[in-house]
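[1] please find the sequence and the predicted model below.
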Amino acid sequence: MKKTVILFVIALFAFGAYAATKTAAGKTNPQSISIKIPGLVNMKYLPVIFTADGAGMSPFVLIENVPANAKSLVLIMDDLDAPNATFVHWLIFNIPAKTKAIMRNHTPAGAAMGKNSAGVLKYVPPSPPPGKPHRYIFNLYALDRMLDLKEGANKDMVVTAMQGHVIVQTSLTGLHKRK
């Protein structure tokens, strides 16, 4: 009886792990892509170096567990709490799927920069108005194709082109506030 219960619990966890790897399109994915930024723990404060209060450098981003069938990656960093609407701080698309890291203040070879909410093709460091902390979400998507877009495409164009091509996605959220 005890073995049956243990096997049932193991099967339940295995099914949960399987279900968690389903994409929005309902396709299964044997891997779970991950994004890591050294010094950043999810839902904790961003290292100051990545903000306008520090050097304003784009972060070093580690990418792991990219699915074998991925052709490209997309990275979008948004401020979910910007005063007027979500503010896009960083947008990189057509990142080669073999990319394991995005270096500080660099765009990976072969990738294209998208236009952020400031209208420029670069990382804009967080600089929220004084008050409550803002949430900065780094979304990483693995796609089954390269996007047929030119450098300078904005987030709406990238998101539209991604539709139906996302294999899996993940996110990491950092906080920042000013006094």
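    It's in. Numbering: from 1, shown residues only.
[2] all contacts plus neighbour counts: C-alpha atoms, from now on.
    Will do.
[3] stretch 50-69: end-to-end distance?
    32 Å (CA to CA, to the nearest Å).
[4] in it, what's buried?
    Going by neighbour count (16 or more other CA atoms under 10 Å), the buried part of stretch 50-69 is 50-51, 56-61, 63-64, 66-67.
[5] same check on stretch 83-93?
    In stretch 83-93, counting by 16+ other CA under 10 Å, buried: 87-93.
[6] before we move on, what about stretch 154-168?
    Neighbour-count burial for stretch 154-168 [16+ other CA under 10 Å]: 154-155, 158, 162, 165-168.
[7] repeat for stretch 92-109
    Buried, per 16+ other CA under 10 Å, within stretch 92-109: 92-97, 99, 102, 107-108.
[8] in strands only, show me those residues.
    92-96, 102 (DSSP state E).
[9] and which of those is nearest L46?
    L46 lies nearest to I102 out of those, by CA to CA, at 16.9 Å.
[10] ok, and the closest non-adjacent residue to that closest one?
    V61 (5.0 Å; CA to CA, 6 or more residues apart in numbering).
[11] need phi/psi at the spatially most central residue of the chain.
    In the chain, the residue lying closest to the centroid (CA atoms, centre = their mean) is N139, at 2.1 Å. Main-chain torsions, N139, degrees, to the nearest 10: phi -100, psi 130.
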